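> got a predicted structure plus its sequence, pasted below:
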Amino acid sequence: MFSKFASKISSLFSGKRLDNETLENLEELLITSDISYDIVSDLIEKIKEQKFNTETTANEVKEILKTELLNILSPCVSTFDTTTYKPFSIVMIGVNGSGKTSTIGKLANKFSNENKSVAVVACDTFRISATEQLRELTSKTGATFISRENAEPSGLAYDGYNQAKSLNKDIVMIDTAGRLSNNSGLMAELQKIIKTIKKIDENAPSKTILVLDGNGGQNSLIQMEKFSQDIKIDGVIITKTEGSSKFGFIISIAKKYKMPICFITNGEKLTDIHEFNPTDFVNRLLEI
């Protein structure tokens, strides 16, 4: 993951003096990786303060970057404790193509392997294939699948939550239709889903999680900005990180929102999901 980024840093530094030209090349690399300009400026300034006009190596620069990136990312470590409520309810939101449905399958598998009983409610009635895709994924995890043909999403969320509660499930995950925040109808529907399950439990949902495509770059950052205007977001999951070269938006979100990064996914298998660990993330990013 991100190996091209690390190799490009290495190519910039080869024991020569750190000059303005080299800093400009590094700045360009960071910006094209979709790190916000204000963050890039701070990173360049830190490197300049410590190493300007001295002989330096790629590893020395990487260590400075590591320290500064960890300062940004460490406050975003998520405590995803699903024992605080029963059922612990998770509403999953995001645009089409972000990997939301497959992420639900991965979470269902993870929670089931932790001996937690799980229910999945298929409230994405907008996309024809969504219910069947989610049904197939859920069947591989041992979770209970809840759906209803021609159901109205908020009504199904209400019934699904009640069913999960009556079955004494530990966790209930509610899938929602992929949407853009400029679609006022779908955003209103999402708000209605959340309002409806609050009628059962004022603490529901336990978490509303925004799923962001790791390849989305600035588009993913814009989605974060737009969704958070209408919905209280409790955390994000970053998908498809195995091939991403546009990782910078993750750092930008962390800096701007201090938003918990709950999990990252890095493949198509049900087991390809991991709790976000800033040190591991930065080490892999910089190949340290």
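Perfect, thanks for sending it. Predicted model, so just to flag it, every value in this text is computed and none were measured. Residues are numbered from 1 along each chain as shown.
> in stretch 105-113, what's buried?
For stretch 105-113, the neighbour count (16 or more other C-beta atoms under 10 Å) marks G105, K106, L107, A108, N109, K110, F111, S112 as buried. Every residue, glycine included, has its C-beta placed from N, CA and C.
> just name the closest of those residues to I209, please.
L107 (9.0 Å; C-beta to C-beta).
> quick one: secondary structure of the closest one?
Put simply, L107 is helix when judged by DSSP: H, G, I helix; E, B strand; the rest coil.
> contacting residues around it?
Residues in contact with L107 (C-beta atoms under 8 Å, 6 or more residues apart in numbering) are I90, M173, F263, I273.
> and the gap between it and L186?
23 Å (C-beta to C-beta, to the nearest Å).
> figure out the helix or strand that F281 lives in.
helix 278-286 (DSSP states H and E).
> check R135 too.
According to DSSP H and E, R135 maps onto helix 130-139.
> within the sheet, what are the partner strands of whichever helix or strand comes after that helix, with directions?
The helix or strand immediately downstream of helix 130-139 is strand 144-146, counting by DSSP H and E. Strand pairing for strand 144-146, determined by DSSP bridges: strand 118-122 (parallel).
> in its sheet, what does the helix or strand hosting I237 sit against?
Assigned by DSSP H and E, I237 falls within strand 235-239. Strand 235-239 has the following strand partners under DSSP bridges: strand 207-213 (parallel), strand 261-265 (parallel).
> and the residue nearest to the spatial centre of the chain, what are its bridge partners?
For the chain, I237 is the residue whose C-alpha lies nearest the centre (C-alpha atoms, centre = their mean; 2.0 Å). Beta-bridge partners for I237, by DSSP bridges, are V211, F263.
> hmm, V211 and it touching each other?
Yes. Here I237 reaches V211: they are 5.0 Å apart, a contact under C-beta atoms under 8 Å.
> give me the common contacts of those two.
When C-beta under 8 Å, 6+ apart defines a contact, the residues bordering I237 and V211 alike are T103.
> quick one on the thing from earlier: which residues does the residue nearest to the centre of the chain contact?
Contact analysis of I237 by C-beta under 8 Å, 6+ apart lists T103, I209, L210, V211, L212, I261, C262, F263, I264, T265.
> quick one: contacts for the last one?
Contacts for T265 (C-beta under 8 Å, 6+ apart) come out as G99, S102, T103, K106, I237, I238, T239, K240, T241, D272, I273, H274.
> try it again at 7 Å.
G99, T103, K106, T239, K240, T241, D272, I273 (C-beta atoms under 7 Å, 6 or more residues apart in numbering).
> next one: the fifth one
For L212, the residues meeting the contact criterion (C-beta under 7 Å, 6+ apart) are G94, S98, S220, Q223, M224, V236, I238.
> what helix or strand does the fifth one sit in?
Spelled out, that is M224. Following DSSP H and E, one finds M224 within helix 218-230.
> now stretch 230-241: average pLDDT?
Averaging pLDDT along stretch 230-241 gives 93.
> just the terminal-to-terminal distance for that stretch.
Distance between the two ends of stretch 230-241: 27 Å, counting by C-alpha to C-alpha, to the nearest Å.
> how deep is the closest residue to N219 other than its chain neighbours tucked in, by neighbour count?
With C-beta to C-beta, 6 or more residues apart in numbering as the measure, D213 is the residue that lies nearest to N219, at 7.8 Å, once sequence neighbours are left out. If you count neighbours by other C-beta atoms under 10 Å, D213 ends up with 22.
> and for the one 4 residues further on?
Residues within reach of G217, counting by other C-beta under 10 Å, total 19.
> contacts only, for the nearest residue to it once chain neighbours are set aside.
Spatially, and ignoring its direct neighbours in sequence, G217 is nearest to K246 (3.4 Å; C-beta to C-beta, 6+ apart). Residues counted as contacts of K246 (C-beta under 7 Å, 6+ apart) are S33, D34, N215, G216, G217.
> what's the distance between the last one and E27?
Going from G217 to E27 by C-beta to C-beta gives 17 Å.
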